[in-house]
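Asker: model the structure of this input:
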Amino acid sequence: MSPEDARLTREDLVGYFCSAVVPEEKNRIGVEYEIFCFDRANRKRLAYEGEPGTGWLLRRLLEGAGGDPVEEAGRLVGIEHPDYSVSIEPGGQLEASFPPCRTVIEFAQCLENYLVRLRAAGGEQVAFIASGADPVTPLNRVPWVPKRRYRIMRRYWEKKRGLSLHMMAQTAAVQVSIDYNSEADAAGKLSSAVALSQVVSALFANSPVYGGIYRYTPSFRKKIWCRTDRERSGVPAGCGGKIGSFADYVDYALSIPMLFILRAGRLEELEERFTFRDFLLRGWRGEYPGLGDWRRHLNTIFSLVRFNNTTIEVRFFDSNRPALVAAIAALVKGLFYSGREFDPLADPAALAAIARENLEGEEGRFLDPLDRMIREGVSPADYALRAFRAGGIDGLLDGLTI
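Answerer: Below is the predicted model of the structure:
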């Protein structure tokens, strides 16, 4: 048996995380930014088909800014560009993923370049809405994107209780990836991210309106995510179990049911509960997993914070306006590369100050909008609610348009 044909073991999966350890001087941040796309003429979410539609929007972005098309069944479903990659989420949300950046300044420039090109592609026909949850469109009117992955996920969650379908189609987030410098560093960052999730996510809460109604919470996205598939969301390892090593996280991920298996270029749907541990030990139709299967499986874990391939991904922020997305990136970089661990009772102003101390040169200026909100005791949700009360849904959507 050649090394390429050797079956994976649990130790191989632990080693996969070990191989991603980097020295501190190579620390980077990577950001993913999701937004909703609305037709300006009728205030409805864009479907894939039609003009304007998300397929049409991607074609215009590709024609105007270049890049490599990503297709499925003859449909354009994404773009790989040197400055960003763009994909369509289940309900037509656009997700832009930016290359790992050493500084927040580099990221902010990538974000600005992307948004200039995206706005040019959308023209006067598309409004881009930055909110943690769609404030107006009910689930039964969401135009689902015709991708096999999403059809499989939708059927899987239609059989389970909770709001997983709402999570797929009606939420948008900002996610920040950070590097780790040792196994102990990884465990510490994971623990700190969980500890800080309540206070830090509240600073950027931006979804007080859902279904056209004020929901008496600054982040309805958080409410939805709290009622998403319990096996793969919330705190890693279930009911607050501590992740103290790579082996702990591997055992957690091994116990989570798989959503699909990719073979011969096709995603295969699983008809019964089948965990990655089952795949590792028993195989599936005579085949056993490779690292590509492991990476895909890790990407179907939707916890507050997770190991996503070679980084730790902090996932608890509502989508926001671009200036606050840069502030999120600055806060995460400044806190999690500070070498400190944090507790749930951390003071927001103190956290912002610690982050600023650990940023380089002009990076600190990206925290200015956060500092203002902390001084005034407000969050983006307060601004959104004011716009809603003053102008109804139209006023809210205008206030959330980027």
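
Asker: now do the contacts for Val325.
Answerer: Taking CB atoms under 8 Å, 6 or more residues apart in numbering, we find Val325 in contact with Val31, Tyr33, Leu111, Val174, Ser319. For the C-beta atoms, the positions are set from N, CA and C on the backbone; glycine is no exception.

Asker: out of those residues, which are inside strands?
Answerer: For these, membership in strands holds for Val31, Tyr33, Val174, with DSSP state E as the criterion.

Asker: pretty sure the first one contacts Tyr114?
Answerer: No. Counting by CB atoms under 8 Å, no contact exists between Val31 and Tyr114, whose distance comes to 10.6 Å.

Asker: overlap in contacts, these two.
Answerer: Here Val31 and Tyr114 have Phe98 as joint contacts, going by CB under 8 Å, 6+ apart.

Asker: more neighbours: these two, which one.
Answerer: Each of Val31 and Tyr114 had its neighbours counted (other CB atoms under 10 Å), and the higher figure belongs to Val31 (25 against 20).

Asker: who's the more buried one bridged to?
Answerer: On DSSP bridges, the residues paired with Val31 through beta bridges are Val176.

Asker: which ones are touching it?
Answerer: Going by CB under 8 Å, 6+ apart, Val31 touches Ser97, Phe98, Cys101, Phe107, Leu111, Val174, Gln175, Val176, Ser177, Val325, Ile328, Ala329.

Asker: quick one: low-confidence ranges for the stretch 101-250 of the chain?
Answerer: 237-241 (pLDDT under 70).

Asker: what about the helices in it?
Answerer: 104-122, 148-158, 164-170, 183-203, 220-226, 246-254 (DSSP state H, counting those that start in this stretch).

Asker: extract the CA atoms of the helix or strand hosting Ala349 and return them as CSV.
Answerer: Take DSSP states H and E as the rule and Ala349 turns out to sit in helix 348-357. This file holds the C-alpha atoms of helix 348-357, laid out as CSV (Å, rounded to 0.1, in the frame of the first residue of the first chain):
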residue,chain,number,x,y,z
PRO,A,348,-15.8,46.8,26.3
ALA,A,349,-13.8,50.0,26.6
ALA,A,350,-10.9,48.1,28.2
LEU,A,351,-11.0,45.5,25.4
ALA,A,352,-10.9,48.3,22.7
ALA,A,353,-7.9,49.8,24.5
ILE,A,354,-6.0,46.5,24.7
ALA,A,355,-6.7,46.0,21.0
ARG,A,356,-5.4,49.5,20.1
GLU,A,357,-2.2,48.9,22.1
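
Asker: what does it rub up against?
Answerer: 196, 199-200, 203, 330-331, 333-335, 338, 340, 342, 364, 367, 370-371, 374.

Asker: buried stuff in that helix?
Answerer: For helix 348-357, the neighbour count (16 or more other CB atoms under 10 Å) marks Pro348, Leu351, Ala352, Ile354, Ala355, Arg356 as buried.

Asker: what separates that helix from the chain centre, distance-wise?
Answerer: 24 Å (CA atoms, centre = their mean, to the nearest Å).

Asker: output the following helix or strand past that helix as PDB, nothing but the C-alphas.
Answerer: Next in sequence after helix 348-357, counting helices and strands by DSSP H and E, comes helix 368-376. Once non-C-alpha atoms are left out, helix 368-376 reads as follows in PDB (Å, rounded to 0.1, in the frame of the first residue of the first chain):
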ATOM      1  CA  ASP A 368     -12.300  54.900  16.100                       C
ATOM      2  CA  PRO A 369     -16.000  54.000  15.100                       C
ATOM      3  CA  LEU A 370     -16.000  51.400  17.900                       C
ATOM      4  CA  ASP A 371     -14.700  53.800  20.400                       C
ATOM      5  CA  ARG A 372     -17.400  56.300  19.500                       C
ATOM      6  CA  MET A 373     -20.200  53.700  19.900                       C
ATOM      7  CA  ILE A 374     -18.800  52.600  23.300                       C
ATOM      8  CA  ARG A 375     -18.700  56.200  24.600                       C
ATOM      9  CA  GLU A 376     -22.200  56.800  23.400                       C
END
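
Asker: for helix 368-376, list every residue counted as buried.
Answerer: Pro369, Leu370, Asp371, Met373, Ile374.

Asker: so the last one sits right up against Leu203, yeah?
Answerer: In other words, Ile374. Yes. Under the contact definition of CB under 8 Å, Ile374 touches Leu203, with a separation of 7.2 Å.

Asker: center of this protein - which residue?
Answerer: Nearest to the centroid of the C-alpha atoms of the chain, with distances taken as CA atoms, centre = their mean, sits Gln175, at 4.3 Å.

Asker: OK, contacts around that one?
Answerer: Remark: with contacts taken as CB under 8 Å, 6+ apart, Gln175 is in contact with Val31, Glu32, Glu313, Val314, Arg315, Phe317.

Asker: can you put those residues in a markdown table and add pLDDT and distance to Pro23?
Answerer: A markdown table is the format used below for the contacts of Gln175 (pLDDT from 0 to 100; distance: CB to CB, whole Å):
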| residue | pLDDT | distance to Pro23 |
| --- | --- | --- |
| Val31 | 98 | 22 |
| Glu32 | 98 | 24 |
| Glu313 | 97 | 20 |
| Val314 | 97 | 21 |
| Arg315 | 95 | 25 |
| Phe317 | 98 | 27 |
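
Asker: tell me the mean pLDDT over the helix holding Ala349?
Answerer: Model confidence over helix 348-357 averages 97 on the pLDDT scale.
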